[in-house]
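K.L.:
Here is my input, please return the structure:
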Amino acid sequence: MFYTEIFDWKVSKAEGMDYWLVSTVASGRQGPTEPGGINGGITRCPMAGGVKQVNYVTVGSVEETVRQAERLGASVLKGKTAIPSMGWFAILADPEKNVFGIFQNDSGAR
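P.N.:
All right, here's what the predicted structure looks like:
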């Protein structure tokens, strides 16, 4: 996989999903507490039309954040969806059509 070769990241497939978990501490060179370190996931593009990267923001509640975003003029591209045993996410477009995601931690998500 591209990211394991270029950055020496650890990438593992999530059970039962078309989703891969990413840890940047594979090589010991960087990690979540060091500059440039991130953890996250990779999935197939959830939307047609060329959006290739979606940045996510962790929120306390996907539902409340979606309601507030809609009041402020955002569009929901993908409604609240579970990532089993990890949490919930939704994908939105701001009023200028910039796409972003939101994520809520919840180990009980199904």
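K.L.:
Pro95 reaches Ala74, doesn't it?
P.N.:
Yes: the pair Pro95 and Ala74 passes the contact test of CB atoms under 8 Å, sitting 6.5 Å apart. Any C-beta I mention is one placed from the backbone N, CA and C, and that applies to glycine too.
K.L.:
So between these two, which is more surrounded?
P.N.:
Neighbours per residue (other CB atoms under 10 Å) separate Pro95 from Ala74, with Ala74 holding more: 19 against 10.
K.L.:
Okay, now the unreliable bits of this protein?
P.N.:
Counting by pLDDT under 70, the chain contains low-confidence ranges at 1-3, 6-7, 25-38, 45-52.
K.L.:
now the helices for it?
P.N.:
In the chain, helices defined by DSSP state H lie at 2-7, 62-71, listed in chain order.
K.L.:
would you list every one of the strands in this structure?
P.N.:
Applying DSSP state E to the chain gives strands spanning 10-13, 19-23, 39-43, 56-58, 75-83, 87-93, 99-105.
K.L.:
how about the fourth one: buried residues?
P.N.:
By neighbour count, with 16 or more other CB atoms under 10 Å as the criterion, strand 56-58 contains no buried position.
K.L.:
That one pairs with which strands, parallel or anti?
P.N.:
strand 99-105 (parallel) (DSSP bridges).
K.L.:
okay, now the nearest residue to Tyr19 once chain neighbours are set aside: neighbour count?
P.N.:
What sits nearest to Tyr19 in space, not counting adjacent residues and going by CB to CB, 6 or more residues apart in numbering, is Thr43, at 4.7 Å. The local packing of Thr43 (other CB under 10 Å) involves 13 other residues.
K.L.:
for Leu72, same thing?
P.N.:
The local packing count at Leu72 equals 9, with neighbours defined by other CB under 10 Å.
K.L.:
Give me the distance between Gly16 and Leu72.
P.N.:
When CB to CB, to the nearest Å is applied, the distance between Gly16 and Leu72 equals 35 Å.
K.L.:
again, but for Val99
P.N.:
For Val99, the distance to Leu72 under the criterion CB to CB works out to 15 Å.
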